[in-house]
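Asker: predicted structure and sequence below. I'll ask about it afterward.
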Amino acid sequence: MTELSFLHRFEPGTVPGRPPVLLLHGTGGDETDLLPLGRAVAPGSALLSPRGKVLEHGMPRFFRRLAEGVFDEADLRHRAGELAGFVAEARAAYGLAAPIALGFSNGANIAAATLLLHPATLAGAVLIRAMVPLAEPPEASLDDKPVLLLSGAVDPIVPQENAVRLAVQLSDAGAAVEHRVLPVGHGLSRADLTLAAQWFRQR
């Protein structure tokens with residue numbers, strides 16, 4: 001595997017023209033965690049899956065938090081820059097177009113932050129159980145980039161109003177946002193898989 005700035009897994013695409021997918025795991029996951037999800041929802045796409053560099057009680061994450069739902073925003077901004085740099089490296093190393101992020105929980109939050117802070121890095125995103133990453137979002141121009149936001153109606157971690165606020169922030173920045181609220185909690189569900197697969201088929 002090519003040595004880049006993040007430990008990662010890469011699976012080449014098998015269907016020409018399919019957008020590559022950047023897989024971003026949740027707390028405690030690693031670079032193998034979302035590969036089965038990526039294969040299921042975006043068959044034929046190249047898959048790029050880094051491991052978060054921050055450890056919380058031994059569990060990998062993409063950025064630090066001060067408490068549940070309270071982010072270290074300085075660290076988040078720094079880590080989003082690191083991730084954008086890694087994507088640029090991987091695009092050069094593997095000959096990829098700008099990827100669509102597929103993130104869960106902590107991975108969805110770093111994807112949302114990267115969209116807002118480094119808009120050129122991603123071609124779009126599927127954000128599963130994401131919340132507002134930055135209290136004061138930067139001015140960003142997302143140029144109609146497609147974003148699917150999948151929230152849980154009974155998610156104990158992400159309040160519904162927070163997910164709605166994120167959808168508004170991304171829309172205000174110019175993204176083409178589809179926000180679906182599912183009758184589930186914080187964990188991944190069959191409905192997430194179905195909706196994400198439908199969304200990727202339209203790309």
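Answerer: Yep, it's here. Numbering: from 1, shown residues only.
Asker: run through the protein and note the low-pLDDT ranges.
Answerer: Applying pLDDT under 70 to the chain picks out residues 1.
Asker: now the helices for it?
Answerer: 35-41, 73-94, 106-117, 160-172, 190-201 (DSSP state H).
Asker: flag every buried residue along the fourth one.
Answerer: Of all the residues in helix 160-172, those buried under the rule 16 or more other C-beta atoms under 10 Å are 162, 163, 166, 167, 169, 170. Heads up, the C-betas are built off the backbone N, CA and C, glycines and all.
Asker: and which of these is nearest residue 181?
Answerer: For those, the minimum distance to residue 181 (C-beta to C-beta) is 7.5 Å, reached by residue 163.
Asker: do you know how far that closest one is from residue 109?
Answerer: Distance from residue 163 to residue 109, counting by C-beta to C-beta, to the nearest Å: 11 Å.
Asker: same question for residue 166.
Answerer: Counting by C-beta to C-beta, the gap from residue 166 to residue 109 is 9 Å.
Asker: can you tell me the closest non-neighbouring residue to residue 50?
Answerer: residue 6 (3.7 Å; C-beta to C-beta, 6 or more residues apart in numbering).
Asker: hang on, that neighbour packs against residue 51?
Answerer: Yes: applying C-beta atoms under 8 Å as the test, residue 6 and residue 51 come out as touching, 6.4 Å apart.
Asker: so residue 18 makes contact with residue 42?
Answerer: Yes: here residue 18 reaches residue 42: they are 6.9 Å apart, a contact under C-beta under 8 Å.
Asker: which ones are touching the closest residue to residue 184 other than its chain neighbours?
Answerer: Nearest residue to residue 184 in three dimensions, chain neighbours excluded: residue 152, at 4.5 Å (C-beta to C-beta, 6+ apart). Residue 152 is in contact with 129, 158, 181, 182, 183, 184, 185, 186, 189, counting by C-beta atoms under 8 Å, 6 or more residues apart in numbering.
Asker: show me the contacts for the second one.
Answerer: Contacts were defined as C-beta under 8 Å, 6+ apart; by that measure residue 158 touches 69, 129, 130, 131, 151, 152, 186.
Asker: which ones are touching the last one?
Answerer: Taking C-beta under 8 Å, 6+ apart as the contact definition, residue 186 lies against 105, 129, 152, 155, 156, 157, 158.
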